[in-house]
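J.: Need the 3D shape of this:
(one chain, ligands or ions: 3)
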Amino acid sequence: MEPLPLGAKTRMGFPYSPDFPKAMAMTQTITLRRPDDFHLHLRDGAMLQAVLPETTRDFDRALIMPNLVPPVVTAAQAAAYHARIISALPAGSTFKPLMTLYLTEDTDPADLARAHAEGIAIAVKLYPAGATTNSHSGVHNFDKVRGALEKMAEIGMPLCTHGEVTDSDIDIFDREAVFIDRVLEPIRRATPGLRVVMEHVTTRNAVSYVRSADADLAATITTHHLIINRNHILAGGIKPHYYCLPVAKRETHRLALVEAATSGDARFFLGTDSAPHTDENKLLPCGCAGCFTATNTMSCLAEVFEREGALDKLEGFVALHGAAHYGLPTNSGTLTLVKSDTPVTFPDHIETGVGPVTVFNPGFPLHWRVQD
Ligand SMILES: NC(=O)N[C@@H](CC(=O)O)C(=O)O
Ligand SMILES: [Zn+2]
Ligand SMILES: [Zn+2]
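T.: Ligands and ions are numbered 1, 2, ... in the order given. This is a model prediction of the structure:
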């Protein structure tokens, strides 16, 4: 097949019949390379079985987060989790899970190197202990992972960070910005050549930090952080389904994320951070963090990019930049989005063997759908 040129191609698709009434709405379509999701939570067991098809419908690959209980720390654990995902795939699916290892203070650098060399895992995930869901096995003392980070720099294995400090005296809305100054910058200075992906960035500070750095630094941006700010979570009643970590910030930060995602800058790419929790676990006095966006992500993103007049940048964000950062070939297939006047509807929740999971509600009508 002829390689597609860079950038999405849009065209106005007119109905074929010459008799078709002129007043009838035009359909707009956009065809992209098949996308990748560079930050996805699939969980395990019944939840894995239920959420996996929501991603494989539109995505060819995803970077699978290792924060299971117990976490996916070793090459052997990653290989076993990979096998469980493959056996949960819908019939005929060629979806490729790309695995990550959960960095702990006891991680063996030689085991990381083996996972990398054998293609079992392509990246390592840093969770500061206590920062987010299932992060208690994460890192307290960053000096204890120095050997692992040096090995990763040497072999070219990227580090993906949940970039928030956990100090109780740091306001939750400042935790990402403080992480950059206190943790990430010192790690990067001490470990030349270490490639880093700042996961799910939520601040103007993170966008500027990525822009000021060299090609060794990139960032994923989620679907929901392009759409909601903290008012959506807190004003007019608390919305547990918009609560995720890092928590959405004020509007100026959301605008910086939208600008970065739609700019065409190859250091920014999609990582949905689609993070399913049952409604029962979300709607508690101490509810879980995470937005489940796998089901309608492509429709949400098309809407956001269209509003910015940047539909031509969507393909880079979802299908080209991430693959290039990880040194992977782009997917060979294509995905077509079709716009209609009548909004597209999605189920408000999906059923799983462990209870319903609410699908992210962007709060505005969606007009783009993925063509079957
Ligand atoms: N983003 C979230 O709010 N939750 C994620 C963990 C994470 O990515 O931080 C989860 O696993 O539920
Ligand atoms: Zn995270
Ligand atoms: Zn996540």
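J.: from the chain, which residue is nearest to ligand 2?
T.: Nearest to ligand 2, among the residues of the chain, is His162, at 3.5 Å (CB to the ion). Where C-beta positions appear, they are placed from N, C-alpha and C, glycine not excepted.
J.: residues near that residue, how many?
T.: By the criterion of other CB atoms under 10 Å, His162 has 24 neighbours.
J.: if I read this right, it contacts Ala129, doesn't it?
T.: No. Counting by CB atoms under 8 Å, His162 does not reach Ala129; the two are 10.6 Å apart.
J.: Spit out the residues that contact those two alike.
T.: Counting by CB atoms under 8 Å, 6 or more residues apart in numbering, the residues touching both His162 and Ala129 are 135, 138.
J.: Can I take it that Thr100 is in a strand?
T.: Yes. When classified by DSSP: H, G, I helix; E, B strand; the rest coil, Thr100 is found to be part of a strand.
J.: Please list the residues of the stretch 151-300 of the chain that sit near ligand 2.
T.: Neighbours of ligand 2 within the stretch 151-300 of the chain, by CB under 5 Å from the ion: His162.
J.: try 8 Å this time
T.: With the criterion set to CB under 8 Å from the ion, the stretch 151-300 of the chain comes near ligand 2 through 162, 164, 199-200, 245-246, 273.
J.: ranges for the strands of the stretch 51-200 of the chain?
T.: Assigned strands in the stretch 51-200 of the chain, in chain order: 61-64, 96-102, 123-126, 159-161, 196-198 (criterion: DSSP state E, counting those that start in this stretch).
J.: Please work out the average pLDDT along the last one.
T.: When you say that, I think you mean strand 196-198. Average pLDDT, strand 196-198: 98.
J.: try the longest one
T.: Taken as a whole, strand 96-102 has a mean pLDDT of 98.
J.: And the contacts of it?
T.: 42, 60-67, 71-75, 78-79, 81-82, 85-86, 107, 112, 115, 120-125, 127, 137-138, 160, 326, 328.
J.: Weed out the non-buried ones from those residues.
T.: Buried by 16 or more other CB atoms under 10 Å: 42, 60-67, 71-75, 78, 81-82, 85, 107, 112, 115, 120-125, 127, 137-138, 160, 326, out of these.
J.: can you pull the contacts of Gln81?
T.: Quick fix: residue 81 is Tyr, not Gln. Here Tyr81 is in contact with 44, 64, 66, 68, 72, 99 (CB under 8 Å, 6+ apart).
J.: And these, which is closest to Phe269?
T.: Nearest to Phe269, judged by CB to CB, of the contacts of Tyr81 is Ile64 at 16.1 Å.
J.: wait, doesn't that closest one sit right on Leu40?
T.: Yes. The criterion here is CB under 8 Å, and Ile64 meets it with Leu40 at 5.9 Å.
J.: what distance separates the start and the end of stretch 137-152?
T.: From its first residue to its last, stretch 137-152 covers 20 Å (CA to CA, to the nearest Å).
J.: what pLDDT, on average, does it get?
T.: Mean predicted lDDT for stretch 137-152 stands at 96.
J.: Flag every buried residue along it.
T.: Buried residues in stretch 137-152, counted by 16+ other CB under 10 Å: 137-139, 142, 145, 148-152.
J.: Those residues in helices, which ones?
T.: Mapping the buried residues of stretch 137-152 onto helices (DSSP state H) picks out 148-152.
J.: Mind putting the residues you listed into CSV with distance to Thr29?
T.: Formatted as CSV, these follow (distance: CB to CB, whole Å):
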residue, distance to Thr29
Ala148, 46
Leu149, 45
Glu150, 48
Lys151, 47
Met152, 42
